[in-house]
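Visitor: how does the following fold in three dimensions:
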Amino acid sequence: MLRIVVLISGGGSNLLALLEATATPGFPAEIVAVGSDTDAAGLAYARERGIPHFTVRPADFADRPAWGEALLAEIGAHTPDLVVSAGLMRILPPNVVSALSPHLINTHPALLPLYPGAHAVRDALAAGATRTGVTVHVIDAGVDTGPTIRQAAVDVRPGESEAELHERIKTLERPLLVDVVRDIATQKIILEELNEWPS
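Guide: Numbering: from 1, shown residues only. A predicted model of the protein is given here:
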């Protein structure tokens, strides 16, 4: 059984999709804890299910490395096999990435390497893209630069707003993330094989 810690910042729609999947009999993974960098609304999903949860706020620490060490300590207490950034709206510090990668994955609302960063949907629209989507990727030292695990695409509709497009991307994002986690758990996806990772 693959042990997962999920990190969130907001409402937790991806977290909920994973919780519902892991509650399905025979699903090969379990969520052992949920963490956040803020008082995220999505933590309620963990509370309702009796899943351990924690909040590590960057503002409570002198610098990003200190925050990273505290976050690593909370994550490590649950001995996960995989850490999923599912809407964590913060770049993880290098000490966290180096400790966890490649068993550290993220969802991003664009077809990377196009439109990295925090405003991917807005950037795609501004560029006049006719097609975009979602990427699940390994987190590395860059911003949305890690190895791609899997992608799903959606056509951009004429006159579509950022919110409308983002919502349609989310409907692809949730099942894609669930499928990736299942395939990591069953070793159909071997994260170490996606790139040249140090042993």
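
Visitor: what sits closest to residue 1 if chain neighbours are left out?
Guide: Excluding the flanking residues, the one nearest residue 1 by CB to CB, 6 or more residues apart in numbering is residue 30, at 5.5 Å. Any C-beta I mention is one placed from the backbone N, CA and C, and that applies to glycine too.

Visitor: pLDDT of the longest helix along the chain, averaged?
Guide: Counting residues, the longest helix in the chain under DSSP state H turns out to be helix 162-185. Mean pLDDT, helix 162-185: 97.

Visitor: export only the CA atoms of that helix, formatted as CSV.
Guide: C-alpha atoms of helix 162-185 as CSV (Å, rounded to 0.1, in the frame of the first residue of the first chain):
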residue,chain,number,x,y,z
GLU,A,162,-10.0,32.3,-17.3
ALA,A,163,-12.3,30.9,-14.6
GLU,A,164,-14.3,28.9,-17.1
LEU,A,165,-11.2,27.4,-18.7
HIS,A,166,-9.6,26.7,-15.3
GLU,A,167,-12.7,24.8,-14.2
ARG,A,168,-12.6,22.6,-17.3
ILE,A,169,-9.0,21.9,-16.7
LYS,A,170,-9.8,20.9,-13.2
THR,A,171,-12.2,18.3,-14.5
LEU,A,172,-9.3,16.7,-16.3
GLU,A,173,-6.8,17.2,-13.5
ARG,A,174,-8.6,15.2,-10.8
PRO,A,175,-8.9,11.9,-12.6
LEU,A,176,-5.5,12.3,-14.1
LEU,A,177,-3.9,12.7,-10.7
VAL,A,178,-5.8,9.7,-9.4
ASP,A,179,-4.6,7.6,-12.3
VAL,A,180,-1.0,8.7,-11.8
VAL,A,181,-1.1,7.8,-8.1
ARG,A,182,-2.6,4.4,-8.9
ASP,A,183,0.1,3.7,-11.5
ILE,A,184,2.9,4.8,-9.2
ALA,A,185,1.4,2.5,-6.5
